[in-house]
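Asker: A predicted structure for the sequence below; I have some questions about it.
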Amino acid sequence: MTLELLNVSGGVMSAEGSLRDNTLSVLFAGTADSLSRSELETFVKQLHSEAVRLAVPTVAIDLRELEFMNSSCFKVFVSWLAQLRDLETSKQYRIKIRSNPSLLWQRRSLAALSCFAVDLVTIET
């Protein structure tokens, strides 16, 4: 199967997806702010659609190089989790987020995100 996910590059944020060993992986870098919100929203919608289409058990998100994410971009992730929770259990996938513990915003925000979908999200440092 082939991954049909357009990467985001240039600007203040980048997102690059890949499919290996039945895991959809995404590396985020830069800054997710009001300038990149629209691109992030489009990318996350495509990411979710691809994860469901490919029936992957896991989506691995690497945020270690994402310096900042504002609240409007964080809401994109919350909406994504809401869509995931609304899927039939058989179609749900798990999200593993690799974080950078030296970034305070990640420690605070990702802990809250994991509480939103305890059974679906794992935060790794």
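Answerer: Great, that's in hand.
Asker: residues contacting the most centrally placed residue in the chain?
Answerer: Per CA atoms, centre = their mean, the C-alpha nearest to the average position across the chain is that of Ile61, at 5.2 Å. With contacts defined as CB atoms under 8 Å, 6 or more residues apart in numbering, Ile61 is in contact with 25-26, 28, 95-98. Heads up, the C-betas are built off the backbone N, CA and C, glycines and all.
Asker: same question, Gly30
Answerer: 11-14, 36, 65-67.
Asker: Let me see the mean pLDDT of stretch 33-47.
Answerer: Regarding stretch 33-47, the rounded mean pLDDT is 96.
Asker: List only buried entries from the contacts of Gly30.
Answerer: 13-14, 36, 66-67 (16 or more other CB atoms under 10 Å).
Asker: quick one on the thing from earlier: list buried members of the contacts of Ile61 by neighbour count.
Answerer: Neighbour counting over the contacts of Ile61 (16+ other CB under 10 Å) leaves 25-26, 28, 95, 97 as the buried ones.
Asker: any idea which helix is longest in the protein?
Answerer: helix 37-54 (DSSP state H).
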